[in-house]
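Predicted coordinates and the sequence they were generated for:
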Amino acid sequence: MAVYTKLADDVVASFLTQYAIGPLTALQGISDGIENTNYLLKTVSDEFVLTLFEHHNADEVASFVRLARHLGQAGLAVPMPLDDIQGVWLHELSGKPAILCRRLPGTHTDQLTSEHCAEIGRGLAQLHLAAQDLPQRRVDERGFDWWLAIAPELKANLSPADQALLEAELQAQKDGRTLWCQLPHGWIHADLFHDNALFLISEQGTKLTAILDLYNACDGALAYDLAIVANDWCREKNGIWDKARLTSLLVSYESVRPFTTEEKMAWPLLLRGAALRFWLSRLLAQRLATQQGRTLPADKNPDEYRRKLQQQQQQQQ
Ligand SMILES: Nc1ncnc2c1ncn2[C@@H]1O[C@H](COP(=O)(O)OP(=O)(O)O)[C@@H](O)[C@H]1O
Ligand SMILES: N[C@@H](CCOP(=O)(O)O)C(=O)O
């Protein structure tokens, strides 16, 4: 569920009077997403998505949206906040930063194919290139330093075998740090799971229509971003690779931005780093959920990423 802040119709209707989009005709909470509150709304002119940021202040939102605007102006299909009649795009609603974006077409899919992977490979490479000239990249709040900081406290609840798996990977990542730092860096999406993309399927084929949720975007190794995508889009939840989807992803990405020699060398390290990152963040989310008497959604199970990491380690022995 992703409606943490409930908004009455009259509150939204009044909010919309700041925009030149006509009066509200329908309002519905969006159940997808995990972090922010999102509403789908209709006016006489079009469909829009209203987002209330639950965990970020206005300055942080301004930083993500700077990237979204830059990418949108470069022709990428990302949610771009609309200006109101005063030319202001960042608002406050119910005490939270709020933006309004046009609803992008397309739907989510869980039935991933090589065509989806080709599309996202191309889309991600285009995002990396288009963002290169945008300065002031944010630090990755869930990068290497965070792995080292959070691992000791999460380790206490793991089995001895999982503790050993975690320790071995942290050591391998420390050993690989010099190589990692030599890789091309830039703005990365940092969370481009398949639930953050929309597609349209027509007689012309499968088309990527939106890359969503740029709210983890930060500085990082570009090929690490691709490894995050590969782990989610090209592997089953049991960790088994779909080779056709992986090939499709890599070939398509490389057709837009060719890999450097160092990136090819670092690929196994990056895949493991990407698996480690989401194993740790899901363990943390699980701990918070338990403390609050909630259960995690089934598709956020930390074990998926433990298995992916373990298999990747075993393949490389
Ligand atoms: N501009 C948009 N056009 C169409 N759908 C959108 C748009 N923005 C958000 N959504 C829908 O809302 C969902 C949640 O958005 P997302 O940014 O991923 O939220 P969260 O940060 O809470 O995870 C998306 O998965 C998508 O279904
Ligand atoms: N896509 C992730 C959730 C987002 O990561 P987080 O660090 O912001 O929790 C997942 O599927 O685990």
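That came in fine, so what should we check first? As the structure is a computational prediction, the values presented were derived from the model and not from experiment. Ligands and ions are numbered 1, 2, ... in the order given.

what about this structure, any weak spots by pLDDT?
Low-confidence segments of the chain (pLDDT under 70): 1, 317.

Tell me which stretches of it form helices.
In the chain, the helices defined using DSSP state H lie at 9-16, 58-73, 114-130, 144-155, 160-175, 177-181, 222-233, 243-256, 261-291, 302-315.

Return the residues of the protein in contact with ligand 1.
Within the chain, the positions near ligand 1 by C-beta under 6 Å from any ligand atom are 2, 30, 32-36, 38, 49, 79, 101, 103-104, 195-196, 210, 212-213, 215. Every C-beta, even on glycine, is put in place using the N, C-alpha and C of the backbone.

out of those, which are buried?
The neighbour count (16 or more other C-beta atoms under 10 Å) marks 2, 30, 33, 35-36, 38, 49, 79, 101, 103-104, 195-196, 210, 212-213, 215 as buried among these.

Pick the most buried one from the helices of the chain.
helix 222-233 (a mean of 25; mean count of other C-beta atoms under 10 Å).

How about residues contacting that one?
112, 116-117, 120-121, 124, 128, 180, 183-186, 188-194, 245-246, 249-250, 253, 257, 259, 263, 266-267, 270-271, 273-275, 277-278, 305, 308 (C-beta atoms under 8 Å, 6 or more residues apart in numbering).

doesn't Pro268 make contact with Gln316?
Yes: if you go by C-beta atoms under 8 Å, Gln316 and Pro268 touch, sitting 5.2 Å apart.

Minimum distance to Arg138: which of the helices of the chain has it?
Comparing the helices of the chain against Arg138 with C-beta to C-beta, the closest turns out to be helix 58-73 (5.8 Å).

Is any residue of the closest one near ligand 2?
No: counting by C-beta under 6 Å from any ligand atom, ligand 2 is not contacted by helix 58-73; separation bottoms out at 12.7 Å.

other SSEs contacting that helix?
Packing partners of helix 58-73 (3 or more C-beta pairs under 8 Å, 6 or more residues apart in numbering; DSSP states H and E): strand 96-102, helix 114-130.

Please list all residues in contact with the closest residue to ligand 1 within the stretch 1-150 of the chain.
The minimum distance from the stretch 1-150 of the chain to ligand 1, using C-beta to the nearest ligand atom, falls at Gly33 (2.7 Å). Contact analysis of Gly33 by C-beta under 8 Å, 6+ apart lists Ala2, Asp213.

if we go to 10 Å?
Met1, Ala2, Val3, Thr51, Asp195, Asn196, Leu212, Asp213, Tyr215 (C-beta atoms under 10 Å, 6 or more residues apart in numbering).

ok, now how distant is whichever residue of the stretch 151-300 of the chain sits closest to ligand 1 from His108?
The minimum distance from the stretch 151-300 of the chain to ligand 1, using C-beta to the nearest ligand atom, falls at Asp213 (3.5 Å). Separation of Asp213 from His108 (C-beta to C-beta, to the nearest Å): 12 Å.

Test my guess that Val88 contacts Gln18.
Yes: Val88 lies in contact with Gln18 (C-beta atoms under 10 Å); the separation is 7.8 Å.

more crowded one of these two?
Comparing Val88 with Gln18 by other C-beta atoms under 10 Å, the one with more neighbours is Gln18, at 14 against 11.

how about the nearest residue to the residue of the stretch 151-300 of the chain closest to ligand 1, chain neighbours excluded?
Excluding the flanking residues, the one nearest Asp213 by C-beta to C-beta, 6 or more residues apart in numbering is Asn196, at 4.4 Å.

what's the neighbour count on the one residue in the stretch 1-150 of the chain that gets nearest to ligand 2?
Among the residues of the stretch 1-150 of the chain, Arg142 lies closest to ligand 2, at 5.2 Å counting by C-beta to the nearest ligand atom. Here the number of neighbours of Arg142 (other C-beta under 10 Å) works out to 18.

and the residue in the stretch 51-200 of the chain that ligand 2 sits nearest to, what are its phi and psi?
For the stretch 51-200 of the chain and ligand 2, the shortest gap (C-beta to the nearest ligand atom) falls at Phe193, measuring 4.2 Å. Backbone torsions of Phe193, given as degrees, to the nearest 10, read phi -70, psi 160.

is it true that it touches Glu304?
No: using C-beta under 10 Å, Phe193 makes no contact with Glu304, being 11.4 Å away.

what residues are shared contacts of these two?
Both Phe193 and Glu304 are contacted by Asn231, Asp232, Phe278, under the criterion C-beta under 10 Å, 6+ apart.

quick one: contacts for the closest residue to the last one other than its chain neighbours?
Distances taken as C-beta to C-beta, 6+ apart put Tyr305 closest to Phe278, at 4.5 Å, once the chain neighbours are dropped. Listed by C-beta under 10 Å, 6+ apart, the contact partners of Tyr305 are 231-232, 237, 239, 274-283.
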